[in-house]
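*Asks:* Take a look and give me a structure for this.
(2 chains)
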2 protein chains.
Amino acid sequence: MDNEPYGQLMAHARDTLALGQVAALLAWDQETMMPRQGAPARAEQVGALEAAIHARDCDARVGDWLAALAEADLAPMAQRNVALIGRRHRRAVRVPGALAVALAAKTSRAQGVWAAARAENDFAAFAPALAEIVDLKREEAACLAQDGAAYDALLDQYEPGMTAARLTTLFDGLGQALAARRAEIAPRAGGEPRIAGVFPAQRQSALAPELARVFGYTLDAGRIDTAVHPFCSGAGRDVRVTTRIDEADPTGNIFSLIHEMGHAVYEQSIDPDRALTPVGTYASMGVHESQSRLFENQIGRSRAFAEWLFPAMEGALGPLGPKTPEGLWRALNRVEPGFIRTEADEVHYNLHIILRFGLERDLIAGDLAVAALEDAWNASYAALFGHQVPTPAEGVLQDVHWSIGAFGYFPSYTIGNLYAAELFSAMEKAIPDLDAKMAAGDLGPVRAWLAPRIHAPGAERDPEALIAAAIGRPPGEAALIDYLQRKFRGLYPAD
Amino acid sequence: MDNEPYGQLMAHARDTLALGQVAALLAWDQETMMPRQGAPARAEQVGALEAAIHARDCDARVGDWLAALAEADLAPMAQRNVALIGRRHRRAVRVPGALAVALAAKTSRAQGVWAAARAENDFAAFAPALAEIVDLKREEAACLAQDGAAYDALLDQYEPGMTAARLTTLFDGLGQALAARRAEIAPRAGGEPRIAGVFPAQRQSALAPELARVFGYTLDAGRIDTAVHPFCSGAGRDVRVTTRIDEADPTGNIFSLIHEMGHAVYEQSIDPDRALTPVGTYASMGVHESQSRLFENQIGRSRAFAEWLFPAMEGALGPLGPKTPEGLWRALNRVEPGFIRTEADEVHYNLHIILRFGLERDLIAGDLAVAALEDAWNASYAALFGHQVPTPAEGVLQDVHWSIGAFGYFPSYTIGNLYAAELFSAMEKAIPDLDAKMAAGDLGPVRAWLAPRIHAPGAERDPEALIAAAIGRPPGEAALIDYLQRKFRGLYPAD
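*Replies:* Model (predicted):
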């Protein structure tokens, strides 16, 4: 066996992955530190770096090394590395350079057009730009898909192995159950306790290190800053989270932190011996999101964890409004009909995703024209949510994703919720005193269960196989439906 | 005329310069924001990025474009761009890849060895690593110099066109004048006023925006953070400075800020239409340093500016010790024999550089062995400073530069002082009420004089030609000697 091409391939991948980390740092800096006037130069820096990374991904030598390794007798992890590099290389070479440049140019401009249209509440002002992007994405998807389905090829970027057919199955059952739950709760909602007061930013910030300690986010290998839209960025021993602070509502900060720390703990816990190798990266966006959602919802918004969170919040912030852990739990899980995905409760959230999935699948298939998108959105919204969208800013214009060409991304959010419910359900069986541990703020057993099964393995397997191995069977929608049913029947008991 | 190769050459240079800005951001982040455990991954990121930049600099197409343009009839600025790209391309291709890799590896390790040796006060612990670096730098210099002088080739990286012969002339006169001044002041020194008190960090930080306003540093295109060693980083509309804060001594923060803002105002004032082109970058390290030194010394430590600075400091910080602008000026310009370059006053500072220049020139020429360096340092120090070095940490081990292979860099500091004195002398003639303006904190006329002559032109000319054009004759050492003589005879009058 000739190991030479494998060593060269991996050395090449190592530098490419390191440059990807640099690109992530540029994005982090842009959202947290960059001076206002730095944006034009930053766009040129990002463009130059992306071009350098793309050139590496397309490098003909990568194709040669892969060909030389096609018949090689490699160890399983080496095989997996070769497969992951091959996947990335093929994606890169299949899209013609001119198309990639056109997409980058159009999406970079369209994001501004979208923001202006949203501010003006005018979908027609965004539609022409979006139509161009949809055309280019369909072209890109056709290149990527070869003989397969176009939308699946886009989905595969974020969730390797996932298909629209599989999602349709998962989402159909979930959507029906959620719509039923939504309808059941609606007449009972309205009297929940609310958090009320003024909570100074400095006091809110003082909670962050305590949350980091409890959730296991290592600050020596991370940092916490503020950003307009909270996010997590980085890998290994440099994983940074951001949050936003609203002095009228401390839960935005706290649950942004818990969510982003779910992402961050995952990245910090991938096997360090695999740093800067393809298997040493996260498994998929869905798996990533499962970690943030599990921390945020299954733990952070649980009745048990409220026993820890209530005194912690009251100690740092003073009187909250709710006077007991039970009251805090009810306040944190208020179900409210609303129009905005990012503000949605657990019952409504996945309905938002199901709506977007249907629409973007049809756009990419050519079954829905951009001109008809606003009407389609509003009709779908009314059917799923039971009321009407008042304005495009609260409807079809609310999310940035399509303007930046991120078709196939939305499903990751619900895939994350599905996986989180499956993992938590398995964990509940494996850790008999889990509620008591959460109530005490001891999440060590949670991380100890996740680390070997989900965190450390990185991209060792495709995401669904990874989850299946962790829970002992293929994941489905039943665990999430059951979790939501149990939780919200507790919060909003049937008559 | 075929413009095609010029457009391609400039597009290539544009991306290379943008990647250089990314490298600068990585360094800034490392010193200000990066979590402690992020260092190993950062080293890999920097390595991957430097390799990408180096590959672009060596790109054979650059050679082809340059060859195609050799006889082209280009406008003067285009000619200058081609010349600057050619210089950079030739430097890159002359150093064999293996040598560049060896240097990067050795210097990256040697920096840690140096830091440990300095902490242990043990030059012998550093000498073997330094000897390896000197050997590699001599090899590199020989590659770069072709038939020229080795040390000049290193100097040329930082100060294009400068030679050891020219420096020797400049430094000989300067060194004699400074040693005389030092000896003259020594018996008179000791009774100066001192700044004394506790000056909380928050109050010190409140001065920063006020200094930015007065010195013309645009914070919408910059930011201020703290770092162990203050520095300035960035270009154009994203130029960041750092400072350090010592609650026992507010002058460290204030004069770090003024110094770094000199660098920053230069970068912010280069013609924006030339952004990401070779002529749109700074002229040399010496010119850069001239701008920081002029702000720091000729303005910041002047008697006139003390009229503005004293009430500003007292207002922000409370009682300082000195009770008048005159007292503050005397405190800021205390002459003290000391061993550390970075803490030296204006009289002693350039003696430090003259010492290092002589030693590193001899090391690179092969006329001085690393084994004999400590003795040579101590002998040279005694001759120039009139007293003995007590420990290697206060002598030969005090600076990081040689451990990172930065031979030829030290002279930039004194070149900067020489140029600053020349520019200030010309400015004094051109702005009759300069003292009154400085006393009022109105530095608009200073920037208005510098902007078209020094800032905006960027790398339009080689540094000495740039200064000569600004002052109307070739720069020399007389202006600096005269400035120091006038200033320190005022502070320490002869009997």
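
*Asks:* Could I get the average pLDDT for the host helix or strand of residue A:10?
*Replies:* Under the criterion of DSSP states H and E, residue A:10 resides in helix A:4-32. Averaged across helix A:4-32, pLDDT comes to 97.

*Asks:* what's the answer for stretch A:479-491, then?
*Replies:* On average, stretch A:479-491 scores 96.

*Asks:* Centre of the chain to that stretch, how far?
*Replies:* Put simply, stretch A:479-491 sits 22 Å off its chain's centre (Cα atoms, centre = their mean, to the nearest Å).

*Asks:* For that stretch, which outside residues touch it?
*Replies:* A:173-174, A:177-178, A:181, A:185, A:298, A:303, A:330, A:333, A:335, A:346-347, A:350, A:417-418, A:420-422, A:424-425 (Cβ atoms under 8 Å, 6 or more residues apart in numbering or on different chains). (Glycine included, C-beta is placed from N, CA and C.)

*Asks:* buried stuff in stretch A:397-413?
*Replies:* Residues of stretch A:397-413 classed as buried by neighbour count (16 or more other Cβ atoms under 10 Å in any protein chain shown): A:397-399, A:401-413.

*Asks:* same deal with stretch A:218-231?
*Replies:* Result for stretch A:218-231 [16+ other Cβ under 10 Å]: buried residues A:218, A:219, A:221, A:222, A:223, A:224, A:227, A:230, A:231.

*Asks:* Same check on stretch A:96-116?
*Replies:* Buried-residue list, stretch A:96-116, by 16+ other Cβ under 10 Å: A:100, A:102, A:103, A:104, A:106, A:107, A:110, A:113, A:114.

*Asks:* Closest to chain B out of those?
*Replies:* Nearest to chain B out of these is residue A:104 (Cβ to the nearest Cβ; 13.8 Å).

*Asks:* Now do the one helix or strand in chain A whose mean pLDDT sits lowest: everything it contacts.
*Replies:* Least confident helix or strand, chain A: helix A:97-120 with a mean of 92, by mean pLDDT, DSSP states H and E. Contacts with helix A:97-120, where a contact means Cβ under 8 Å, 6+ apart, come from A:43, A:47, A:50, A:54, A:123, A:125-126, A:129-130, A:132-133, A:136-137, A:139-140, A:143, A:392-393, A:397-398, A:400, A:402-405.

*Asks:* filter these to the buried ones?
*Replies:* Listed as buried from those are A:47, A:50, A:54, A:123, A:125-126, A:129-130, A:132-133, A:136-137, A:139-140, A:143, A:392-393, A:397-398, A:402-405; burial here means 16+ other Cβ under 10 Å.

*Asks:* care to break chain A down by domain?
*Replies:* Residue ranges for each domain of chain A read A:4-94, A:130-495, as given by automatic domain parsing.

*Asks:* contacts with chain B among the buried residues of stretch A:397-413, please.
*Replies:* Filtering the buried residues of stretch A:397-413 for neighbours of chain B using Cβ under 8 Å from any Cβ of the partner chain leaves an empty set.

*Asks:* If we only consider these, which is nearest to residue A:283?
*Replies:* residue A:412 (11.6 Å; Cβ to Cβ).

*Asks:* quick check, that closest one in a helix?
*Replies:* Yes: under DSSP: H, G, I helix; E, B strand; the rest coil, residue A:412 sits within a helix.

*Asks:* gap between the nearest residue to it once chain neighbours are set aside and residue B:8?
*Replies:* Closest residue to residue A:412 apart from its sequence neighbours, by Cβ to Cβ, 6 or more residues apart in numbering or on different chains: residue A:285 at 3.8 Å. Remark: distance between residue A:285 and residue B:8 (Cβ to Cβ, to the nearest Å) = 38 Å.

*Asks:* Much appreciated, bye for now.
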